[in-house]
Structure formats: C-alpha cells, structure tokens
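Undergrad: Kindly generate the corresponding structure for this input.
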Amino acid sequence: FPSHDTGDASGANQIAMLDWMRKNVSAGILGLKLSTVAIQWTAVIDGMGFIGPVYGSKGINSFVTDKELRDMVLTFPEMRERAGGEMALEELKNDDSWLTDIQKKGFIPLQKVDIVAAGSVTLGAYMQKMDAMGKQIDPANINKEAMEYAQLALRRTQSSSLFKDVPLALSRGSMTGNRSLDRAIFQFQTFLLTRWSRVRHDAIRVGN
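TA: So this is what the prediction gives:
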C-alpha cells in the first residue's frame with residue numbers, strides 16, 4: 001500500500017467498485033434490522049462513562065418525557081446535523097437514485113434511535129453543567145457554556161457521521177493509505193474507533 005507518512009495525497013486513493021459494494025452491503029445489513037437498532041442503544045452507556053450514570057439517566061428520562069427540553073437540545077448545532085452515527089448513512093445523503101431512496105427509508109429506525117441516544121447524553125451533560133454552575137435550566141434561554149460542554153460530551157462519546165468527526169482511518173485512509181479499503185475494513189465499526197479514542201485519550205494519556 002502507498003505510504004501515508006510522507007505528507008502526499010496517497011490517502012485519497014479510492015477503489016470505485018469496492019465503494020459501491022460497501023455502500024450496498026451496508027443497506028442490506030443495517031436497513032430495517034432490529035438487532036442493529038437495539039445495539040444502537042448501547043451508545044448511551046458510552047455517554048454515561050463521560051457524565052456518570054446519574055446524569056445519564058436524567059438525560060434519558062427528560063429527553064423522552066419533556067418536550068421543551070427535547071426541543072431545546074435538538075437546536076444544538078451538532079444535534080441538528082446528526083445522521084445516525086455511521087458514515088454509511090452520511091454517504092447516502094448526496095445520492096438521489098431510486099435505490100438510494102429505498103436505502104434511506106431502511107435507515108430511518110436506526111436514525112431515530114440515534115437521535116434519542118445522542119440527545120439523552122447531550123441533555124444529561126447540559127443538566128450536569130448547569131447544576132455545577134448552580135443555574136436553573138431555561139429552555140428559552142440556552143446557556144452557551146453548558147451547551148459547549150454538552151456538545152463536547154456528544155462528540156467524545158457518540159459516533160458521528162459528520163466529516164469533521166470521522167476518524168482519520170476513514171476520512172483519509174490513514175491505516176492502509178487507501179480510503180476505500182479502510183472504510184471497508186471499519187464498516188459499521190465507527191463506534192469502536194470512538195471507544196478506542198476514549199481509551200487512548202482519557203485513560204492511557206492521563207496515566208490510568
């Protein structure tokens with residue numbers, strides 16, 4: 001494989017046929033599959049590792065039962081752009097073919113669960129920060145500092161399909177030097193890369 005340590009553009013190499021196969025296989029594996037939807041809920045546990053189980057539970061309860069708080073969190077910039085936490089879903093956005101339209105519908109259950117899981121963690125983090133600052137939550141007046149902390153918790157614990165959050169192994173092909181190959185290797189494994197990031201940055205680098 002071409003080197004990715006030389007500063008060249010080798011990571012931009014792609015294999016069109018491999019990309020086509022991967023995108024269509026993703027639709028068959030993820031689309032309308034109940035086991036995949038069920039697994040998506042485990043992302044809440046990752047969030048609890050960051051904000052603690054108390055605020056994680058508060059976030060879930062409030063997001064599900066309190067419309068005002070739910071609507072508030074859904075206005076946060078990084079919540080508005082979520083597509084399901086998996087890069088395979090983001091790739092379908094710019095494709096308007098009839099097959100892609102069917103595939104997008106198959107991903108709707110996964111996206112709905114992702115919104116609830118990510119929103120619960122984000123709201124729990126917002127509540128945690130507001131309590132730490134001794135302030136009351138006013139859905140009509142969002143606290144910027146608490147929102148930034150909540151979005152940090154979202155980025156650090158919830159897999160994202162947004163390009164800015166995608167691991168370099170997927171966005172630049174930094175593992176093998178080829179983006180198509182790296183995306184095929186890590187298909188449906190974005191959450192594992194996110195968890196490894198937390199182990200590396202929040203445990204190993206701080207000496208735990």
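
Undergrad: distance of G124 from L110?
TA: Distance of G124 to L110, computed by C-beta to C-beta, to the nearest Å: 21 Å. To be clear about C-beta, it is placed using only N, CA and C from the backbone, and glycine gets the same treatment.

Undergrad: same check, this time on G119
TA: According to C-beta to C-beta, G119 and L110 sit 15 Å apart.

Undergrad: for K129, same thing?
TA: As for K129, its distance to L110 is 29 Å (criterion: C-beta to C-beta).

Undergrad: Check N143 too.
TA: 31 Å.

Undergrad: Between the two, which has more neighbouring residues?
TA: Higher neighbour count among N143 and L110: L110, with 23 against 17, using other C-beta atoms under 10 Å.

Undergrad: I believe that one is in a helix; please confirm or correct that.
TA: Yes: the assignment for L110 is a helix, going by DSSP: H, G, I helix; E, B strand; the rest coil.

Undergrad: Flag every buried residue along stretch 70-80.
TA: Within stretch 70-80, the residues that count as buried by 16 or more other C-beta atoms under 10 Å are 70, 72-73, 76, 78-79.

Undergrad: For the protein, just list every one of the helices.
TA: Ranges of helices in the chain, per DSSP state H, are 16-30, 34-40, 43-51, 53-65, 67-73, 77-80, 87-91, 98-106, 108-132, 144-157, 168-171, 179-185, 190-199.

Undergrad: Kindly report which one of those carries the lowest mean pLDDT.
TA: Lowest mean pLDDT within the helices of the chain: helix 87-91, a mean of 54.

Undergrad: residue contacts, Q128?
TA: Neighbouring residues of Q128 by C-beta atoms under 8 Å, 6 or more residues apart in numbering: 51-52, 55, 149.

Undergrad: Mind doing that once more with 6 Å?
TA: With contacts defined as C-beta atoms under 6 Å, 6 or more residues apart in numbering, Q128 is in contact with 51, 55.

Undergrad: any idea how far it is from I142?
TA: 15 Å.

Undergrad: What of R200?
TA: Per C-beta to C-beta, R200 is found 32 Å from I142.

Undergrad: One more: F50?
TA: Per C-beta to C-beta, F50 is found 20 Å from I142.

Undergrad: So which of the two has more stuff around it?
TA: Higher neighbour count among F50 and I142: F50, with 20 against 15, using other C-beta under 10 Å.

Undergrad: In the buried residues of stretch 70-80, find the pair that's most separated.
TA: Greatest spatial distance among the buried residues of stretch 70-80 (C-beta to C-beta): R70 and E78, at 15.5 Å.

Undergrad: How about L152, nearest residue that isn't a chain neighbour?
TA: Residue nearest to L152 in three dimensions, not counting chain neighbours: A125, with 7.6 Å by C-beta to C-beta, 6 or more residues apart in numbering.
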